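Q: Fold the following.
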Amino acid sequence: MNLLLLGRGKTGSLVAEVAEQRGHRVTVLGSADNLGNAALVPERLQDIDVVIDFTTPDAVLGNIESCTRARNNMVVGTTGWYGEISAVRHLVHESGIGFIYGSNFSIGVNLFFEFARIAAAALNHGYEGHITEIHHTHKKDAPSGTAVVLKEVVTSASGRLLPIQSVREGDVVGTHLVTFESSNDRITLSHEAQSRRGFAEGAVLAAEWLSGKKGFFDFREVFREMKR
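A: Numbering: from 1, shown residues only. As a prediction, this is how the structure comes out:
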């Protein structure tokens, strides 16, 4: 496939590396290459199969709008824009593209969500709970998109809202913990990312899966269908 990667950050660089290793052709644009979304016009995107976005919360909505106008399929790993999901879903359906987003494209994190959904039953048996997320000091959004989705997973399963504590320190790739505690014991589920490569591999798998598809997809709902 011909992939266009938006974002030259640490994760974006790994996405390009993984995609090339899997035999794809990759063009990478940084923020300076796409000022005002000038690079995302139909004539420049006509040979692109999927656009992958790992930019910033400030840039991603403009990128999405441009890609829907050009009718290009899109994978979005950027977080911090989920308050606009309804509007983006409308744009996607109106344009007829394929679109997949995820707070985290790591296969391990998405399995972690499933474990948390099961463990959320503790909240209906006298337990209290909380979520902690720890990331590097340069992360733009707090709480993390992964923590927000983790909270939604627990709420959907239990009807209870958990507080989130956000910690920013050093160069931590990403650690998420959900704790359920009673007077008798404590249950802690945790996921610690050791490398950004897991995010990159998941994003490329998502792009491969999305090729030729139409519709609005959450990575959590489809990751089990993807082939390594």
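
Q: so where's the protein shaky on pLDDT?
A: Counting by pLDDT under 70, the chain has no low-confidence residues at all.

Q: Show me the strands in it, by range?
A: Under the criterion DSSP state E, the chain carries strands at the ranges 2-6, 25-29, 50-53, 73-76, 98-101, 128-135, 164-168, 175-181, 186-192, 215-218.

Q: so which of those comes closest to T146?
A: With C-beta to C-beta as the measure, strand 175-181 is the member of the strands of the chain nearest T146 (5.7 Å). Where you see a C-beta, it was placed from the backbone N, CA and C, and this is true even at glycine.

Q: who does the closest one pair up with?
A: Within its sheet, strand 175-181 is paired with strand 128-135 (antiparallel), strand 186-192 (antiparallel), according to DSSP bridges.

Q: Next, count neighbours for the residue nearest to H93 when sequence neighbours are not counted.
A: Nearest residue to H93 in three dimensions, chain neighbours excluded: F216, at 6.5 Å (C-beta to C-beta, 6 or more residues apart in numbering). The tally of other residues near F216 (other C-beta atoms under 10 Å) stands at 16.

Q: Could you shift the numbering so residue one becomes 27, and keep it that way?
A: OK, 27 is where the count begins now, so the last one is F242.

Q: Outline the domain layout of the protein.
A: 28-131+223-251, 133-218 (automatic domain parsing).

Q: okay, how far is it across the last one, tip to tip?
A: End-to-end distance for domain 133-218: 12 Å, by C-alpha to C-alpha, to the nearest Å.
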